[in-house]
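Visitor: Sharing a model prediction with you, sequence too.
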Amino acid sequence: MTEKISVLIVTRNRSELLVSCINSLAAQTQIPDEVIVVDNASTDNTKEIILSFKKELPIQYIREDQVGIPYARNRGIGVVHGSLILMLDDDCQADKFWIERMVDAHKKYKKAWVVQGRTFSLPKTRPYSLLVEFKRSISLRNYTKKKLPLIMKGFFQSYFKDEKEILTCDTKNLSIKTSYFKKYKLSFDEHFYRGSDADLGRQIVEKNGLIMFCPSVTVAHWERSTLAEFLEQRWHIGRTKARMLSKWKTPTMVNMDLLATLLAFFHFCKIFNQWRNSPIVMVLLLLDRLYYFNGYFFEKRFLKLGKAL
């Protein structure tokens, strides 16, 4: 049976990035049956950009005025017709084999609810991209069902090569079977400002669903371009951590202490010669930890205050 493919993108006031994202879909070796783009209350020319692709793709424009990624994703899920939903962020560019390899992965892992692809950071010349690549490596290890030692020769070169079962989701690059989404009443929790995809992963794990990481399914992601944007992102990740712990009552991530993080980062930087001797990245790593924990404790106080009220 041939899968009917729906691609779901959420966007808000990023029309220039959205053009590159949709162009990458138009260049696929397998064209999707529908592309649903949910405009989350944009005030720029997003609608015109989406409709301009009508001749190239079976694209549909949906507007969601309730600002928030989970609201927009749930709206999109509600209108898809495909048996397989592929999710891509508006600041991502899919490899031309992206859809084809997603479909092949589901054929290979027939019991998988979700196939999670690999995401590369752009541009390579910015230290923020390096930091995010490092964090993504650590996160993948922490969420892998069968973990390998972290500080080991060749870890960062080899860990992404193998297909493996993982315990989380990242909507920058994943696909989910519509039948599981509906049967088990999954949704993006609208209490999450960010990180609702991680919460979706936890919902799936709690229901004994299978999430497979397949590194051959790739997209490139444009990372934050300024220090302020990068630190704001880390702050929100800390908030997501606190909200996940509050909701699920059990740890959802494996925390490394600062020394282990620094040692791991040293090994990681050895792969990237241009940053090997740069003090900038170490300063950024320390700032990353500072803003992450600031966001974490901010959210804990916020949740505690909410319960008291």
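Guide: Arrived safely.

Visitor: Phi first, then psi, for Ile176.
Guide: phi -140, psi 140 (degrees, to the nearest 10).

Visitor: What pLDDT is listed against it?
Guide: Model confidence at Ile176, given as pLDDT, is 98.

Visitor: Tell me the secondary structure at the residue most central in space within the chain.
Guide: Closest residue to the average C-alpha location of the chain: Asp170 at 2.9 Å, with CA atoms, centre = their mean. Of the three states, Asp170 takes coil under DSSP: H, G, I helix; E, B strand; the rest coil.

Visitor: For it, list the residues it contacts.
Guide: Shown in contact with Asp170 (CB atoms under 8 Å, 6 or more residues apart in numbering): 116, 119, 197-198. Bear in mind the C-beta positions are built from the backbone N, C-alpha and C, glycine included.

Visitor: could you say which helix or strand contains Ser175?
Guide: Ser175 is part of strand 173-177 when elements are defined by DSSP states H and E.

Visitor: about what we covered before: and the residue nearest to the centre of the chain, how close does it get to Asp65?
Guide: For Asp170, the distance to Asp65 (CB to CB, to the nearest Å) stands at 26 Å.

Visitor: again with Lys247
Guide: Per CB to CB, Lys247 is found 26 Å from Asp65.

Visitor: how far out from the middle of the chain is the strand holding Ser175?
Guide: 11 Å (CA atoms, centre = their mean, to the nearest Å).

Visitor: and if you look at stretch 301-308?
Guide: On CA atoms, centre = their mean, the centre of stretch 301-308 falls 28 Å from that of its chain.

Visitor: And stretch 216-230, by the same measure?
Guide: 10 Å.

Visitor: what does it contact?
Guide: Stretch 216-230 has contacts (CB under 8 Å, 6+ apart) with 17, 24, 88-89, 91-95, 98, 101-102, 105, 115, 117-123, 126, 128-129, 131-132, 172-173, 232-233, 284, 287-288.

Visitor: Kindly recompute the last result at 7 Å.
Guide: 17, 88-89, 91-95, 98, 101-102, 105, 115, 117-122, 126, 128-129, 132, 172-173, 233 (CB atoms under 7 Å, 6 or more residues apart in numbering).

Visitor: Would you map the helices across the stretch 101-250 of the chain?
Guide: For the stretch 101-250 of the chain, applying DSSP state H, counting those that start in this stretch gives helices covering 127-142, 155-158, 178-183, 196-206, 227-248.

Visitor: Now do the first one: distance to the chain's middle.
Guide: When you say that, I think you mean helix 127-142. 12 Å.

Visitor: and the angle from that helix to helix 227-248?
Guide: With axes from the mean of the first three to the mean of the last three CA atoms, to 10 degrees defining the directions, helix 127-142 sits at 20 degrees from helix 227-248.

Visitor: tell me what helix 127-142 is packed against?
Guide: Helices and strands touching helix 127-142, by 3 or more CB pairs under 7 Å, 6 or more residues apart in numbering; DSSP states H and E, are strand 112-122, helix 258-269, helix 279-308.

Visitor: In the stretch 1-150 of the chain, where is pLDDT below threshold?
Guide: For the stretch 1-150 of the chain, the stretches with pLDDT under 70 are 1, 147-150.

Visitor: for it, what spans make up the strands?
Guide: For the stretch 1-150 of the chain, strands defined by DSSP state E, counting those that start in this stretch occupy the ranges 5-11, 34-39, 59-63, 84-88, 92-94, 112-122.

Visitor: For these, give me a markdown table that also has mean neighbour count.
Guide: Formatted as a markdown table, the strands of the stretch 1-150 of the chain follow (neighbours: other CB atoms under 10 Å):
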| stretch | mean neighbour count |
| --- | --- |
| strand 5-11 | 25 |
| strand 34-39 | 24 |
| strand 59-63 | 17 |
| strand 84-88 | 24 |
| strand 92-94 | 23 |
| strand 112-122 | 22 |
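
Visitor: can I get those in TSV with distance to Arg136?
Guide: Listed next are the strands of the stretch 1-150 of the chain as TSV, based on distance: least, CB to CB, whole Å:
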stretch	distance to Arg136
strand 5-11	20
strand 34-39	25
strand 59-63	29
strand 84-88	16
strand 92-94	13
strand 112-122	7
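
Visitor: between those strands, which one is nearest to Glu48?
Guide: strand 59-63 (9.7 Å; CB to CB).

Visitor: quick one: the closest residue to Ser20 other than its chain neighbours from Thr226, how far?
Guide: Excluding its sequence neighbours, the residue lying closest to Ser20 (CB to CB, 6 or more residues apart in numbering) is Gln93, at 5.4 Å. Distance of Gln93 to Thr226, given as CB to CB: 21 Å.
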